[in-house]
Structure formats: C-alpha cells, structure tokens
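Undergrad: Next input, structure requested:
(chains A and B)
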Number of protein chains: 2
Amino acid sequence: MLSKTKVKYIQSLGHKKRRDEEQVFIAEGPKIVSELLLEPDMKVIEIFALAEWLLQNPLPANIPRLIVTEEELEKITQLSTPNKVMAIFQQPKAIVDIITKDKWVLLLDGIQDPGNMGTIIRIADWFGIKQIICSHECASIYNTKVIQSSMASIARVEVLVTDLLPWINQHADCNYYAASLEGKDLTSMGKLKKGIIMIGNESKGLNPSLLAKANILITIPRIGKAESLNASVATGIILSHLV
Amino acid sequence: MLSKTKVKYIQSLGHKKRRDEEQVFIAEGPKIVSELLLEPDMKVIEIFALAEWLLQNPLPANIPRLIVTEEELEKITQLSTPNKVMAIFQQPKAIVDIITKDKWVLLLDGIQDPGNMGTIIRIADWFGIKQIICSHECASIYNTKVIQSSMASIARVEVLVTDLLPWINQHADCNYYAASLEGKDLTSMGKLKKGIIMIGNESKGLNPSLLAKANILITIPRIGKAESLNASVATGIILSHLV
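TA: Numbers count the residues shown, from 1 in each chain, chains lettered A, B, ... in the order given. A predicted model of the protein is given here:
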C-alpha cells in the first residue's frame, strides 16, 4: 500500500525545484518505463505498478517496486490519465561541457512547450545528435510531459542548461546556424561544416542577441501561406537536410 | 451578458456531432481569431470577447459580437485557459473530390492527436499543399485543439474525410508514397512525380491494407537510436525533401 508520505513525496516531484533537489525524475506508462529500464546508464529508484504490469514485466530482484491499485496510481500520476506504471529514476549526472569539435549540437532558446521540448530531444536522438544546450527559459527536461514526448531519448541525449550568451562567447570559434526568413535556401546548401544549430522560442523565435551570433542563416523554403512552422517540425526539417 | 442557453449551446459545440449538425467550429485566442477574420472565405457567426479585445480590434458593423467577462469566457472555453476572445465560424463547404493531377496531396490514416493533426495541416499549408484526405479515425478537423495548432491554415487547406481504401481504388492511377523503414533514402531520391503522400497513425503507422497500395516506399535516414519520429515531424521532413 502506498503511504500518505510517499504520495506527498511523489506529488512534490511535480515541481522542478524538488526534482532537482532530489536529483530524480518521473516516467509514466509501460512503453517509456520499459525502454528506460533497458538503458544501461539509467538508474531506477522505485517502481509503482499495477499487479498485472508487474506480472507481465518481471524485474530484477534488486529493483524496489510497489504494487498499487488504479486508485492509488490516479493519486500520484502527473498525466491526465494514469497508465499502469510509474517509475522514479535518478537524473543522469550533469554534463560538464559540450563537445563542439566535429559534432552537430542543438542550442535551444526558450522552447517552452514540454511536448515540443521532448519531441526535439527525440529528433536529436534520431539524427545522432548527442548533446543539447538549453537556456533556463526552456521547459524543464525532467518535466513528466517532456520525458513522455522524448520517448526515452532522454537516456541517450545529454542536455546542458546554461546562460546561452556567455556560453557562445566562450565558444566563439564554432559555426552557428540559425533559421531565419532571409537566410540561404536549406535545400540547396551543399556540404557544411559541423556546428551549432540554434532554435528559438515558439512564438518569439531566437533572442536578437543570440541571432546576432549566427554566422550562417538558413531558410526552410515556403511554398504556401502558413506564417510559420512548429519549432519541433522546423528542427526535424533542418536536421534532415544538414546532418 | 451571456445567457444560459448560449452557454449551453457553445459548450455543446465541444462535440463533433453537434458541430457538424450546426456546420460550425470554434476558434479561441487573439492570434487565431484575428487571422481567420482576415480570410476572405471564412464566415464568422458570432464573437465573444473581453471589452479590451474589442476595443483593440474594431470589427465591421455586420459581425455579431458580445462583450463577456473573464468568468463568462471561462465557462465557454474549450481550452485549459481562456484567452480574451472566442469566435464561432461557419465550416467551409465540404469538398467534392481531391484534384490529383499534377498536385501533391496528403493522405492521413488515423492521426489521433489533435495537436499532430493541426500541425500537419499547418505543414501542408507551408509547403503549398491545398488538399488533404483523412480517414474517419483521424481527430476531427474542427476540434478546437486542431484549429489551435493549425494556426489558421485550416482556412487555406481543404480536408476530405472519407474511407481511404475505396478512395484509393478509385484513384489507382496516382503515385502513392509511404514512409517505411525499408524504403529508398529520402535524401537521395532526386526528381519525383507528384502524387499522394501517405502518413500513418502515431503508434501503429499505416494500416497494412493501405501500405500495400503504396508504389514508392521512402525512408527518413536514421543516424542515432530513437525508435521513431513524431508523425507531424516526419510529415514535415518528407515534404521538405519531396515538394
């Protein structure tokens, strides 16, 4: 049975501050929990699951687990509908710095929608990008909805949250690519040097002080009339052409 | 003041059946309402807005409008947080058929997430695709969240909801492109004949009976380890290479 203290503790992990103090995050639902359990670098702290899920998913003996009822799961879920299993994982160790030499790296400025944030992490993983730099204004990468849309890619992509402008100033020798309406046609750019791809906020785009640091402006050619593309869709399109 | 009857009426439009009976849909928030009002083919039925919004957005005299309070807007909103203005628009006339000759057309099989559905409509609009065919299992195109993520592109893209297999059988002379893990590399396909691009359900992909109708299989090259890409991101990537 789930104690009141445990319920309160899990609910408190809905807050970024508490998650960071405890250095943990929550994953929910059979698909993502199973995938994260398969990742060698992920350390699971505890699993809360329906009896049926535990029967179908035998766990190594050393993993703490608690059988819960549907009602209990409903109390601790951070999603609109609970889904059989919830797990608390340890946050991966913070990365010290980004390796820019001969790598593609994503730099995200204020991606606020957790769905977009998770989707971008998943896209990075698809295209083999192993490191992402985020501004403090981005959705918390350990927000349950981010974890959900990242589809376990969070286990394979490292994320550094930092002040972007000082970071860029310290890495002035890199190529900075930014999407802009007046850049070069993305579909005809030919071979490119690896570098940092900058993606801006969903409605405001890149902060002008960051945009000023870009030395290569790229444009996704528009044929029709939509005013803009969703930030994660734009990221996917850019990576599919550059990487 | 908003009458009880009106509140009930607006709330009832949250249901697809009622929206289709009344041949209307709801748009919410300043950005999308303003954009839709600028579209010559969109007919607005009534606007419910805060006094401040109406002051800042003078409307032609013939548009029915009602000043509402924040509390009233909260009663009628279909979003988690109401946003200054809500408008009822007439649904565009149903299209009779899809023009396949020398056009790119999207065919959607069971795109269930309203956010994905709206984002795909917006992507189609960006790439100049004017018509989409959907299965009955797709999210309703007049769902408020679809309208929201389509960002007014719904005014510029026609959508036909129909049984896909009979439709394909009646249009057997078209090229059908489908994304598959064992297709041709999308990034090296060269010049292509226009045709129908098939996009499948978020988790199950294309129905096998539809996949069997595809005569060109395409693959988005994967460099990393993510198992799949989000349906709308995949659509964006495919269109950016083919169209």
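Undergrad: what's the burial count for residue A:81?
TA: 9 (other C-beta atoms under 10 Å in any protein chain shown). For glycine as for every other residue, the C-beta is placed from the backbone atoms N, C-alpha and C.
Undergrad: Just checking: what are the partner strands of the lowest-mean-pLDDT helix or strand in chain A?
TA: Lowest by mean pLDDT, DSSP states H and E among the helices and strands of chain A is strand A:176-185, with a mean of 90. Partner strands and pairing direction for strand A:176-185 (DSSP bridges) are strand A:196-199 (parallel), strand A:216-219 (parallel).
Undergrad: Confirm that residue A:169 sits in a helix.
TA: Yes. Counting by DSSP: H, G, I helix; E, B strand; the rest coil, residue A:169 falls inside a helix.
Undergrad: where's it relative to chain B, distance?
TA: 29 Å (C-beta to the nearest C-beta, to the nearest Å).
Undergrad: Check what pLDDT that residue gets.
TA: We have a pLDDT of 96 for residue A:169.
Undergrad: Where does the prediction get shaky in chain A?
TA: For chain A, no stretch has pLDDT under 70.
Undergrad: So it: which segments form each domain?
TA: As assigned by automatic domain parsing, chain A contains the domains A:4-90, A:105-242.
Undergrad: closest to residue B:180 out of the ones you listed?
TA: Closest approach to residue B:180 among the domains of chain A (C-beta to C-beta): domain A:105-242, 15.5 Å.
Undergrad: quick one, phi psi at residue A:143?
TA: phi -60, psi 140 (degrees, to the nearest 10).
Undergrad: hang on, it packs against residue A:113?
TA: No. Residue A:143 lies out of contact with residue A:113 (C-beta atoms under 8 Å); the separation is 10.4 Å.
Undergrad: Dump the strands paired with strand A:176-185 to TSV, plus mean neighbour count.
TA: Below are the strands paired with strand A:176-185 laid out as TSV (neighbours: other C-beta atoms under 10 Å in any protein chain shown):
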stretch	mean neighbour count
strand A:196-199	25
strand A:216-219	17
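Undergrad: Now the ones you listed in CSV, please, with extra columns for distance to residue B:178.
TA: Listed next are those as CSV, based on distance: least, C-beta to C-beta, whole Å:
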stretch, distance to residue B:178
strand A:196-199, 29
strand A:216-219, 29
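Undergrad: roughly how far is the least confident helix or strand of chain A from the heart of the chain?
TA: 24 Å (C-alpha atoms, centre = their mean, to the nearest Å).
Undergrad: For it, buried residues please.
TA: By neighbour count on 16 or more other C-beta atoms under 10 Å in any protein chain shown, the buried set for strand A:176-185 is A:176, A:177, A:178, A:179, A:180, A:183.
Undergrad: Stretch A:149-166 too?
TA: For stretch A:149-166, using 16+ other C-beta under 10 Å, the buried residues are A:149-161, A:164.
Undergrad: Distance from the chain centre to it, please.
TA: On C-alpha atoms, centre = their mean, the centre of stretch A:149-166 falls 5 Å from the chain's centre.
Undergrad: how about that stretch, does it reach chain B?
TA: Yes. Part of stretch A:149-166 sits near chain B under the criterion C-beta under 8 Å from any C-beta of the partner chain, namely A:149, A:151, A:152, A:153, A:156.
Undergrad: for that stretch, how far is the first residue from the last?
TA: End-to-end span of stretch A:149-166 (C-alpha to C-alpha, to the nearest Å): 30 Å.
Undergrad: Good, we can wrap up now.
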